[in-house]
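Trainee: What shape does this take:
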Amino acid sequence: MSSLTDRPPAQVSSDAEFEIAPRVLWGPIAVVAAALAWFFLFEHRFGPSRSMSAFEWLWSAWNEENDFEHGPLFPLIIGGLIVWRFKDLKRAATDGSMWGLLAAAAGVFFYLIACRTLQPRIALGGLPFLLWGASLYFWGWGVARMLLFPFFFFWLAIPLPSFQQATNQLQLFAVSMAHNGASLFGVETIVNGTQISSAHGSWEPLEIAAGCSGIRSLMALLMISGAWAYAAHNLALWKRVTLFLAAFPLAILGNSLRVTSIFVIAEYGNEVWARSTWHDWSGLLLFYPFSLFLLLVLHSVLEGGMPWKNRSRREVRRVIVSAGETETPVPES
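Mentor: I've put the predicted structure just below:
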């Protein structure tokens, strides 16, 4: 049986290992961070005459023409999700895995293909592989599992060239929904392509432009629902996937309500105010509150009650063990 005097040296050794380990890791981590910053921020391989880095191209693509004005919010949300689970990440950190090098190699392959084809989207698509592979290599599978969604969530921030076709289809769908929605409020309309006019000539014809198709709102709501689903980590996986995919019907429903409100106000109120002021502000004042409220309702249904109330009712128990005493569970408020 070991004596009490044998224990302190072992504890000192453990503490020494704890203090030394971060110094060993900081060097490789700094090298990886510097390499990523160089190739994605400073290396000019893309854009006109190869005058832009991958992130410079991405920043220029986050614009109204691509329906991606919300793009600059992605880095902030991804960083916020990681910070929000930082304590869990620290607890999950273990020895790294060499499999992380394989994931990082996939990211390097993406970047090489992007340089060959001059496609910055491919390079940016490989960035999550590089980040996730590095986390797996340095901190193991527990950390990598928690960072899988935040890193690959970045894919939603990359504008795709096929959006225009989706916009055309959503335009026609928005026209149909607005026409039927307005009739529910007694507003009779006539549809001519993407143009809707009053059957009684009460207001000038209104055009459902590409910006009113809902694709812009859909992409922004996908960003919000994705972050929401990740934050609800106490839910089962299928419930979190449901929360994320709910952005599609909620965006269509919310945009239809927004466009319908413009016709109703034009019919019963002020036409000029409806097609100008309300058109510009209805997304912020009607679409997002309505969509986020429905997302909260869906979350509450999946969790069986209001999320914050359910969490406050859960008892967190700790076990106090004293010498010569049995373990006693004690509720912690």
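
Trainee: Now do the contacts for Ile158.
Mentor: 58, 121, 124-125 (Cβ atoms under 8 Å, 6 or more residues apart in numbering). Bear in mind the C-beta positions are built from the backbone N, C-alpha and C, glycine included.

Trainee: Widest-spaced pair of the residues you listed?
Mentor: Pairwise distances across the contacts of Ile158 (Cβ to Cβ) peak at 11.1 Å, for the pair Leu58 and Gly125.

Trainee: Tell me which of those two has more neighbours.
Mentor: Legend: neighbour count by other Cβ atoms under 10 Å for Leu58 and Gly125, higher for Leu58 (25 against 19).

Trainee: Could you check which helix or strand contains the more buried one?
Mentor: Leu58 is located in helix 54-61, with elements delineated by DSSP states H and E.

Trainee: With Ile190 instead?
Mentor: Going by DSSP H and E, Ile190 is in strand 189-192.

Trainee: Name the residues that touch the very next helix or strand once past the helix holding Leu58?
Mentor: For helix 54-61, the following helix or strand on the C-terminal side (DSSP H and E) is helix 73-84. Helix 73-84 has contacts (Cβ under 8 Å, 6+ apart) with 89, 147, 149-151, 153-154, 156-157, 223, 227, 230-231.

Trainee: Which residues are in contact with the closest residue in space to Phe153 that isn't next to it in sequence?
Mentor: Spatially, and ignoring its direct neighbours in sequence, Phe153 is nearest to Gly226 (5.6 Å; Cβ to Cβ, 6 or more residues apart in numbering). Residues in contact with Gly226, defined by Cβ under 8 Å, 6+ apart, are 149, 153, 156, 244, 247.

Trainee: at 7 Å what do you get?
Mentor: By Cβ atoms under 7 Å, 6 or more residues apart in numbering, the contact list for Gly226 reads 153, 156, 244.

Trainee: Need the three-state assignment for the last one.
Mentor: When classified by DSSP: H, G, I helix; E, B strand; the rest coil, Phe244 comes out as helix.

Trainee: quick one: the nearest residue to it once chain neighbours are set aside and Val83, what's the gap?
Mentor: Of all residues not flanking Phe244 in the chain, Ala229 sits nearest, at 4.3 Å (Cβ to Cβ, 6+ apart). From Ala229 across to Val83, the span is 18 Å (Cβ to Cβ, to the nearest Å).

Trainee: These two: who's more crowded?
Mentor: Taking other Cβ under 10 Å, Ala229 and Val83 do not tie; Ala229 has more neighbours (24 against 10).

Trainee: element containing the more buried one?
Mentor: Ala229 belongs to helix 215-231, assigned by DSSP H and E.
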